[in-house]
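Participant: Sequence plus the predicted model coming up.
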Amino acid sequence: MHLFAHFSRFCAGFGGFMSKNIAIFASGNGTNAENIIRYFQNSESVNVKLVLADRETAFVLERARRLNVPFACLDKAAWADGTVVLSLLEDKGIDFIVLAGFLARVPDCILHAYPNKIINIHPSLLPKFGGKGMYGGHVHEAVVAAGETETGITIHYLNEHFDEGEIIVQYKCPVLPQDTAEDVAKKVHALEYEYYPKVIGGLLSEVC
């Protein structure tokens, strides 16, 4: 699927080019989040202004601290309600939200406040191996168990349903007969690190 087909609608929502502030939502280790932060560190058009987590043990918070990015961890009740999260986003002037291994459901009030301005990355070629409970190693194990010959990543807009938002772009890698779930994970992570920041940058600045 071609990335640029989705730019016109996105840009119309912002009404022209200007510097964009993004927030990253993450739940775990935060390697993708750190990769995104480093990618945009010297950018004049994209600023990572906030990292939000839903778990106190999420190492992404430590990564944000080390990289001097404001961060916060909000509890389950705050994520269920969404008003505190939305207030933080508004206080930071957030224009766009990036999910990077975020496992909680994004509240409806945030979806409504950021239409077509929230994207997620999923470690499979959706609609295969998507849905609630399909994340990280669970996905790669399922890919290997199903005897798939290829897998990859899907970058998509977020909606009310897990992994069902409109697909922006997909990138593929082969799955060899001898590959383990760990082998597949390495290939998929390489795609994530290479392409996710580039797609974010493209959505935010190449056309707008």
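Facilitator: Perfect, I can see it now.
Participant: for residue 195, what are its contacts?
Facilitator: By CB atoms under 8 Å, 6 or more residues apart in numbering, the contact list for residue 195 reads 153, 155, 169, 171. Where C-beta positions appear, they are placed from N, C-alpha and C, glycine not excepted.
Participant: So it versus residue 152, what's the distance?
Facilitator: With distances defined as CB to CB, to the nearest Å, the gap from residue 195 to residue 152 amounts to 10 Å.
Participant: Return the member of the contacts of residue 195 nearest to residue 94.
Facilitator: residue 155 (18.9 Å; CB to CB).
Participant: okay, now the closest residue to that closest one other than its chain neighbours: neighbour count?
Facilitator: In space, and not counting its chain neighbours, residue 155 is closest to residue 168: 4.8 Å by CB to CB, 6 or more residues apart in numbering. By the criterion of other CB atoms under 10 Å, residue 168 has 23 neighbours.
Participant: helix, strand or coil for residue 168?
Facilitator: Using DSSP: H, G, I helix; E, B strand; the rest coil, the structure places residue 168 in strand.
Participant: Return the residues in contact with the residue nearest in space to the middle of the chain.
Facilitator: The geometric centre of the chain, computed from its C-alpha atoms, lies nearest to residue 99 (CA atoms, centre = their mean), at 2.9 Å. Counting by CB under 8 Å, 6+ apart, residue 99 touches 24-26, 106, 118-121, 158.
Participant: likewise residue 149?
Facilitator: For residue 149, the contacting residues are 174-175, by CB under 8 Å, 6+ apart.
Participant: On the pLDDT front, check it for me.
Facilitator: The model reports residue 149 with a pLDDT of 98.
Participant: cool, residue 66 as well?
Facilitator: At residue 66 the predicted local distance difference test score is 97.
Participant: Return the backbone torsion pair for it.
Facilitator: Taking degrees, to the nearest 10, you get phi -60, psi -30 for the backbone angles of residue 66.
Participant: for residue 80, same thing?
Facilitator: As for residue 80, its main-chain torsions (degrees, to the nearest 10) stand at phi -70, psi -40.
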